[in-house]
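In: return a 3D structure for these sequence lines:
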Amino acid sequence: MSKKKKFAFAAALTGAAAAAVTAGMYIRKEAAKRKPFEIEEATLTDMQKALKLGQVTSKDLVQMYLERIDRFDKSGPMLNSVIELNPDALHEAEACDVKRTVTPDVGPLFGIPVVVKDNVNTAGKMHTTAGAVALENHRAKKDAFVVRQLKKAGAIILGKTNLTEFANFITEGMPNGYSSLGGQVLNPYGPAFDVGGSSSGTASAIAANLAAVGIGTETSGSIICPAAFNSLVGIKPTIGVVSRSGLVPISHSQDTAGPIARTVQDAVKLLNAVIGMDEDDEETIWSQGDIAKDYTDFLNRGELKNARLGIDRRYLDSVSDEKATVINQALDLMREKGAVIVDPAIIPSTDTLEDRKSSVMIQEFNYDMNQYLEKLPDEVPVHSLSELIAFNKEHADKALKYGQTVFEEADQLSGDLGGRQYLADRAEDLRLSRKEGIDAVIKTRKLDALIFADYQGSDIAAKAGYPSITVPAGYTAEGEPVGITFVGMAFTEPRLIELAYSFEQATLYRVKPSL
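Out: Modelled structure (predicted):
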């Protein structure tokens, strides 16, 4: 055969091979379309892959989650985690499906159904109630910055989640997950287990696969606690990483929104979506130089090797012996992976912090809540803390099952954030939580992070404004979830993500609840 003929023959083979590859890709894509998509435990990566292949549409995803909400939240085990659904969710999903055909290169949250805690403002048809009867008809004039960021990323707000009323700052003795308007949220791992607070609805919904990912808020433990109690990943960012504007407030020095998800990777992708500079929150402006452009860069395995992790065992006294055993087993595993466990790593200020009562949160609550209520639309019946207290008394049969002792205490205060007592307490909180607390032990013991069981340690991290990440650590014999929480100094989210991701990937402890 001549060289010319050989070349023509080879070219024909190459063309045939290319055609075969193209045909094979088409066959695989068509097969993917026919294969039913499993929504349970699906990650953001799984969903985007299925959407790209045409195996599922965003409208399908919304419909699947709506069916699960009807089956498990409103009937069956009646988790009661979703307080309101977005009536436009299916229409918004259809719009995403159309846009995807012309703009296939989209971000990880595009066309994905998410849920948002009902103390985060959502403009439009949905309400923002904080679980309170008084705010039952409140429709916010403007989306919270976090919600605007979600929409910018193409996420579909599937609905609002129930919570501990007013983020558990209305009274003493209110159960985690209870609100006067929404009722009691249940833990999908078992109704006898504490669901955690106050982002209980978001955690219960995500654990039960009623949405892809969700937004919670934390002032002191309200993301970390329910995430740990529902075998989830929760990220409480450094104050200033995520905007606080548009959140029903407790304490501006401690409030933040943050992700709740089934995997570290999904939580980090959600965190990426909601960060950003907000002109309505000066902390986000000051913090820009300390915030990573892409936190997924820190999803690295093997980062437990040579990591120095400290544990103050006094915090284990607050958990059951069985949970303490689970944490000790997690510590042993981290040692096997090369981590150096500094035990004990004593936080110097712990006892002092526990013995003193600071006025910071309640003074800020008086000021911040009055500022928030004052701006509510005229159709809302309350525009001050005093009016809110009076309304609750008038509707006590529904609104005051557990009272409002914290409201009444706060209402007696001046709300003067320039007062001597407030300023002294704020300075003392920062000194004890930072310089003589977390900073002291991390610096002197050369630690990468501190370790806590469940939400233990949330109070000191909250006062400092420092980040925390919780990851599933296992289960008790009865099946109750146990979380392990990593805490670091300001803006150490990158290192905490590395540690949390490495632990998660080394263990893969999460098991979906049996509904």
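In: tell me the secondary structure for residue 39?
Out: Three-state assignment for residue 39 (DSSP: H, G, I helix; E, B strand; the rest coil): coil.
In: could you pull up the residues touching it?
Out: By CB atoms under 8 Å, 6 or more residues apart in numbering, the contact list for residue 39 reads 61, 64, 65, 68, 209. All C-beta spots, glycine's among them, are computed from the backbone N, C-alpha and C.
In: go again using 7 Å as the cut-off
Out: By CB atoms under 7 Å, 6 or more residues apart in numbering, the contact set of residue 39 is 64, 209.
In: and for residue 488?
Out: By CB under 7 Å, 6+ apart, the contact set of residue 488 is 449, 466, 467, 495, 496.
In: helix or strand: which one has the last one?
Out: Right, the one you point to is residue 496. Under the criterion of DSSP states H and E, residue 496 resides in helix 493-507.
In: show me what that helix is packed up against.
Out: Counting contacts by 3 or more CB pairs under 7 Å, 6 or more residues apart in numbering; DSSP states H and E, helix 493-507 packs against helix 264-274, helix 321-336, strand 449-453, strand 468-475, strand 481-487.
In: just checking: what are the partner strands of the following helix or strand past the longest one?
Out: Under the assignment DSSP H and E, the closest C-terminal helix or strand after helix 321-336 is strand 340-342. If you go by DSSP bridges, strand 340-342 pairs up with strand 308-311 (parallel).
In: buried residues in the partner strand?
Out: Residues of strand 308-311 classed as buried by neighbour count (16 or more other CB atoms under 10 Å): 309, 310, 311.
In: distance of the nearest residue to residue 323 once chain neighbours are set aside from residue 266?
Out: Among residues not flanking residue 323 along the chain, residue 482 sits closest, at 5.0 Å (CB to CB, 6 or more residues apart in numbering). Residue 482 is 20 Å from residue 266, where distance means CB to CB, to the nearest Å.
In: next: residue 106.
Out: Distance of residue 106 to residue 266, computed by CB to CB: 16 Å.
In: which of these two has more neighbours?
Out: With neighbours defined as other CB atoms under 10 Å, residue 106 and residue 266 compare such that residue 266 has more, 26 against 17.
In: CSV for the helices and strands packed on helix 493-507, including distance to residue 442 and mean pLDDT?
Out: As requested, these are arranged in CSV below (distance: least, CB to CB, whole Å; pLDDT from 0 to 100):
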stretch, distance to residue 442, mean pLDDT
helix 264-274, 21, 98
helix 321-336, 17, 98
strand 449-453, 7, 98
strand 468-475, 13, 98
strand 481-487, 9, 98
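In: out of the ones you listed, which is closest to residue 241?
Out: helix 264-274 (7.9 Å; CB to CB).
In: which of the residues in the helix or strand following that closest one are buried?
Out: Downstream of helix 264-274, the first helix or strand assigned by DSSP H and E is helix 282-286. The neighbour-count check on helix 282-286 (16+ other CB under 10 Å) flags 283, 284 as buried.
In: any idea of the mean pLDDT in helix 282-286?
Out: Averaged over helix 282-286, pLDDT sits at 96.
In: same question, stretch 297-306
Out: 97.
In: can you show me the CA trace of it as PDB?
Out: C-alpha atoms of stretch 297-306 as PDB (Å, rounded to 0.1, in the frame of the first residue of the first chain):
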ATOM      1  CA  ASP A 297      -8.900  25.400  47.900                       C
ATOM      2  CA  PHE A 298      -8.600  24.000  51.400                       C
ATOM      3  CA  LEU A 299     -10.500  20.800  50.900                       C
ATOM      4  CA  ASN A 300      -7.300  18.800  51.300                       C
ATOM      5  CA  ARG A 301      -7.000  15.300  52.700                       C
ATOM      6  CA  GLY A 302      -4.200  14.100  54.900                       C
ATOM      7  CA  GLU A 303      -4.000  17.400  56.800                       C
ATOM      8  CA  LEU A 304      -4.300  15.600  60.200                       C
ATOM      9  CA  LYS A 305      -0.700  14.400  59.800                       C
ATOM     10  CA  ASN A 306       1.500  16.500  62.200                       C
END
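In: and it, what's buried?
Out: Of the residues in stretch 297-306, 298, 299, 303, 304 count as buried by neighbour count, 16+ other CB under 10 Å.
In: list of residues touching that stretch?
Out: Residues contacting stretch 297-306 (CB under 7 Å, 6+ apart): 264-265, 268, 334, 337-340, 494, 497-499, 501-503, 505-506.
In: off-centre distance for it?
Out: Averaged C-alpha coordinates place stretch 297-306 at 22 Å from its chain's average position (CA atoms, centre = their mean, to the nearest Å).
In: please apply the same query to stretch 106-118.
Out: On CA atoms, centre = their mean, the centre of stretch 106-118 falls 13 Å from that of its chain.
In: list the buried residues for it?
Out: Here stretch 106-118 shows 106-118 as buried, counting by 16+ other CB under 10 Å.
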